[in-house]
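Colleague: sequence and predicted model, in that order:
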Amino acid sequence: MVKPIRKAVFPVAGLGTRFLPATKALPKEMLPIVDKPLIQYAVEEAQEAGIEEFIFVTGRAKTAIEDHFDHSIELEHVLIERGKVESLHSVTDWMPAPGHISYTRQQEPLGLGHAVWCARNFVTDEPFAVLLADDLILGKPGCLKQMVEAHRKIGGSLLAIEEVPVEHTDKYGILDVNSDKGGLLAVRGVVEKPAPADAPSQLAIIGRYILEPLVLTILEHQERGAGNEIQLTDAIAKTIGILPVNGFRFQGRRFDCGSKVGYLQANIAFALERDDMGDRVRKMLQEFA
């Protein structure tokens, strides 16, 4: 029987150096897409997928994230006094219930694998999701919900993938596949950030994972990989042959909000989807055509 996915890990300890000076005092995960921070989009995607427990792996100067997922009594009181009901709902309705959010620190920047391993005592022995807020996905249903529904049928580990230009393979974990059935791809190997000439494919893992707890056992060994970091991809590769590992083609458009151009694209795309501003944004864009 396939266990349900109840827990999600959000690695949010990165420094966000590509967005300096904006991220000098503001966590990159708090950068807004229109009027909501990146991390809120990730949490709402997880909620839609049925996630019950939200585990944040934070670092220094990330208290703004904790504050965002808490009540602001003063603000809420002012909104109530002024009759701003819609604004009040916008800051309260999406928050997970008390006791469903946990925080742990990644004291050293040792890589994504290390960040996920830091959440091990919260995950325990269940399959779990990992969401990277930098990868913002516009799709209905959300990417993680699509993955959870697929996982319910096949179990094992599931990795969201998309095809990237061959010259970009050195920025991603790249799949080597046995079979491609359209939506699902049976994985026989994973290579972290291969040079274009060495890449087994152009199928890149992006920031959505469903993982079996065996990955955490492997990460316990703290083995270093590309960039002298503890790579999540390397740990996933070592589970292949022990349990099923599949790539998953999701329905939707992914924006790399870790890059400035991708971040701007996401703001435009999400604004165009909004009933309250889509038409005005289209008109505004025509001025730049």
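Modeller: Perfect, I can see it now.
Colleague: from the chain's centre, how far out does stretch 169-180 sit?
Modeller: 18 Å (C-alpha atoms, centre = their mean, to the nearest Å).
Colleague: state the mean pLDDT of it.
Modeller: Rounded to a whole number, the mean pLDDT of stretch 169-180 is 89.
Colleague: same thing with stretch 151-166?
Modeller: Across stretch 151-166, pLDDT averages out at 94.
Colleague: buried residues, that stretch. List them.
Modeller: Within stretch 151-166, the residues scored as buried using 16 or more other C-beta atoms under 10 Å are 151, 155-162, 164. Quick note: C-beta positions are derived from backbone N, CA and C, even for glycine.
Colleague: send me it as CSV with only the CA atoms.
Modeller: Extracted C-alpha coordinates of stretch 151-166, given in CSV (Å, rounded to 0.1, in the frame of the first residue of the first chain):
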residue,chain,number,x,y,z
HIS,A,151,2.4,8.8,-6.7
ARG,A,152,-0.8,7.3,-5.3
LYS,A,153,-0.8,4.9,-8.2
ILE,A,154,2.9,4.1,-8.6
GLY,A,155,4.7,4.9,-5.3
GLY,A,156,8.4,5.3,-5.1
SER,A,157,10.2,8.6,-5.7
LEU,A,158,8.9,11.1,-8.3
LEU,A,159,10.9,13.9,-9.8
ALA,A,160,9.3,16.8,-11.7
ILE,A,161,11.2,17.4,-14.9
GLU,A,162,11.3,19.6,-18.0
GLU,A,163,13.4,19.6,-21.1
VAL,A,164,16.2,22.3,-21.1
PRO,A,165,18.5,23.5,-23.8
VAL,A,166,21.6,21.3,-24.0
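Colleague: residues in contact with the nearest residue to C257 once chain neighbours are set aside?
Modeller: Sequence neighbours aside, Y263 is the residue nearest to C257 in space, at 4.6 Å (criterion: C-beta to C-beta, 6 or more residues apart in numbering). Residues near Y263 by C-beta atoms under 8 Å, 6 or more residues apart in numbering: 19, 31, 33, 255, 257.
Colleague: next, work out how far apart A25 and G252 are.
Modeller: Distance, A25 to G252, using C-beta to C-beta, to the nearest Å: 32 Å.
Colleague: which one's more surrounded, these two?
Modeller: More neighbours surround G252 than the other of A25 and G252, with 14 against 8 (other C-beta atoms under 10 Å).
Colleague: does the more buried one touch C143 like I think?
Modeller: Yes - using C-beta atoms under 8 Å, G252 and C143 qualify as a contacting pair, with a distance of 5.8 Å.
Colleague: what's the overlap in contacts for these two?
Modeller: Residues touching both G252 and C143 comprise I137, with contact defined as C-beta under 8 Å, 6+ apart.
Colleague: what helices or strands is the strand or helix carrying E149 leaning on?
Modeller: Element membership for E149 (DSSP states H and E) is helix 143-154. In this structure, helix 143-154 packs against helix 38-48, strand 128-131, strand 157-163, strand 203-211, strand 245-249, with contacts taken as 3 or more C-beta pairs under 8 Å, 6 or more residues apart in numbering; DSSP states H and E.
Colleague: next SSE downstream of the second one?
Modeller: By that I understand strand 128-131. Using DSSP H and E, the next helix or strand after strand 128-131 towards the C-terminus is strand 135-138.
Colleague: show me how far that following strand is from its chain's centre.
Modeller: Averaging C-alpha positions (C-alpha atoms, centre = their mean) puts strand 135-138 8 Å from its chain's average.
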